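Novice: got a predicted structure here, sequence first:
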Amino acid sequence: MPLKSLSLADLRKRNNLETFLKKWKAGEKFLFTNNIEKKLLIAYDDHWALLLEDAVKNDANAIKAMGTTMAKTVFPLASSAGAGDFIAKSEEFGGRTTSGREDSDTESNTLQYEVQVVNAVNDFLKDHKGKVNIHLPGLGSYTITGAIQVDSGIKRAGGAKADPKADIILYQDKNNLLDPKNIFISHKKDGGPEAFQQYGGITETAGDKIYNHREVQEFLKQLIPYIGDDGLVQPVMKKINDVTLKNLSIFGPGYIANGKNFGLQNVQLIGQGLPTFKPYARERNTFTMEFPHMALNGDISYFTQGYEPVFGATFRRGRGFTLRGQRYTGVRVGIYPKALVASRGKLVEL
């Protein structure tokens, strides 16, 4: 049975776009629908990568604007090698597995990293009669009976206008998911600092504490000379000095130093990879929970070198920011791991 072709709609799902870009950048081969593996005909370039991201997020307008020939050459969701020669929706993009089935793109998809964490926690709970205490150093112990992904319903209940910082909740009572006595987790998949993508935004939607911060306003002002008629002309990066701003971006806009008002916008921890549990000798039926890479609320000592939070700005059609009543477009701004921004070509460091 022939393989299905990969579509823009497929790239909107799961982490497919990120997987596509990483393979392209690394010069890896893609599986095509004719069961032949080969590299894309055009080498990776930041400009084309950004256009593909635009196309995925903005209904392919960016690709249409490029023209059919370039679109088929650079992004061979239809390859220039010939009609019907398409990139396949292979297993890594959620396509047919060795069993012949396609992976689901719903929240129950076990290939989604957050679901893997939720399943790991719930499986651990089943092995311990459905209830344990989780001890987080410096934050205390929490009674847990289940884990759940943060979905649209939870977001609405929490009043979140955009995606909140929390991805996963470890709860005591499933009927009270927003209880500050629950454990709120921001989760990232394995893969080093690049896998973190963005720590957080800095536009109005990020909240007043972040958007109106002195360093944020200064950075936005300094970007203006680099924004032309069509958008940002060069990627820009700048160091962040204020520790509180770093905490707000990493742990959520609800962060308060030495505070415990935990919730969707102020997580107890950020974890990368899958959790493991170890007995905590000081308390009965209590365990510590550890991720391969993990940081607890207020402790940013882990975020150094490639993980260091920095201001970043890249070209992005349809994105922008407002400063002193003036709208600037064609630029995406945020706080990113340094490794993710520093690799950009023609980078300007402020």
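Specialist: That came through fine. Residues are numbered from 1 along each chain as shown.
Novice: can you list the buried residues in stretch 336-350?
Specialist: Counting neighbours by 16 or more other Cβ atoms under 10 Å, one finds that the buried residues in stretch 336-350 are 336-342, 344, 348. In short, each C-beta sits where N, CA and C put it, glycine included.
Novice: again with stretch 200-208
Specialist: 200-203, 206-207.
Novice: quick check: phi and psi on the spatially most central residue of the chain?
Specialist: In the chain, the centroid-proximal residue (Cα atoms, centre = their mean) is Gln197; its distance is 5.0 Å. Note on Gln197: backbone dihedrals following degrees, to the nearest 10 are phi 60, psi -100.
Novice: run through the residues that contact it.
Specialist: 18, 336, 340 (Cβ atoms under 8 Å, 6 or more residues apart in numbering).
Novice: what's the answer for Pro253, then?
Specialist: Applying Cβ under 8 Å, 6+ apart, the residues near Pro253 are 165, 200, 206-207, 209-210, 265-266.
Novice: farthest-apart pair in those, please.
Specialist: Ala206 and Asn266 (13.7 Å; Cβ to Cβ).
Novice: can you map out the strands along the stretch 201-350 of the chain?
Specialist: 227-228, 231-232, 236-239, 269-272, 276-279, 286-290, 293-296, 309-323, 326-337, 348-349 (DSSP state E, counting those that start in this stretch).
Novice: the longest one pairs with which strands?
Specialist: Here strand 309-323 is paired, per DSSP bridges, with strand 236-239 (antiparallel), strand 326-337 (antiparallel).
Novice: avg pLDDT for the last one?
Specialist: It stands for strand 326-337. Strand 326-337 shows a mean pLDDT of 93.
Novice: now the strands for the stretch 51-200 of the chain?
Specialist: According to DSSP E, counting those that start in this stretch, the strands that the stretch 51-200 of the chain contains are 132-136, 140-144, 146-149, 168-171, 183-188.
Novice: care to break this structure down by domain?
Specialist: 8-93, 113-349 (automatic domain parsing).
Novice: could you list the low-pLDDT ranges of the stretch 1-150 of the chain?
Specialist: The model of the stretch 1-150 of the chain has pLDDT under 70 over residues 1-3, 14, 35, 55, 57-85, 91, 95-112.
Novice: can you give me the helices for it?
Specialist: Along the stretch 1-150 of the chain, counting by DSSP state H, counting those that start in this stretch, helices occupy 8-11, 16-25, 46-57, 61-66, 68-74, 113-126.
Novice: distance between the third one and the chain's centre?
Specialist: Offset of helix 46-57 from its chain centre (Cα atoms, centre = their mean, to the nearest Å): 16 Å.
Novice: how about the first one?
Specialist: The chain centroid and the centroid of helix 8-11 are separated by 17 Å, computed with Cα atoms, centre = their mean.
Novice: with stretch 205-212 instead?
Specialist: 19 Å.
Novice: send me it as CSV with only the CA atoms.
Specialist: What follows is stretch 205-212, C-alpha atoms only, in CSV (Å, rounded to 0.1, in the frame of the first residue of the first chain):
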residue,chain,number,x,y,z
THR,A,205,-0.5,39.3,25.5
ALA,A,206,2.4,38.3,27.8
GLY,A,207,0.9,40.4,30.6
ASP,A,208,1.7,43.8,32.1
LYS,A,209,4.6,42.6,34.3
ILE,A,210,6.5,41.4,31.2
TYR,A,211,5.3,43.8,28.5
ASN,A,212,5.8,46.9,30.6
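Novice: how close does Lys29 sit to Ala49?
Specialist: 18 Å (Cβ to Cβ, to the nearest Å).
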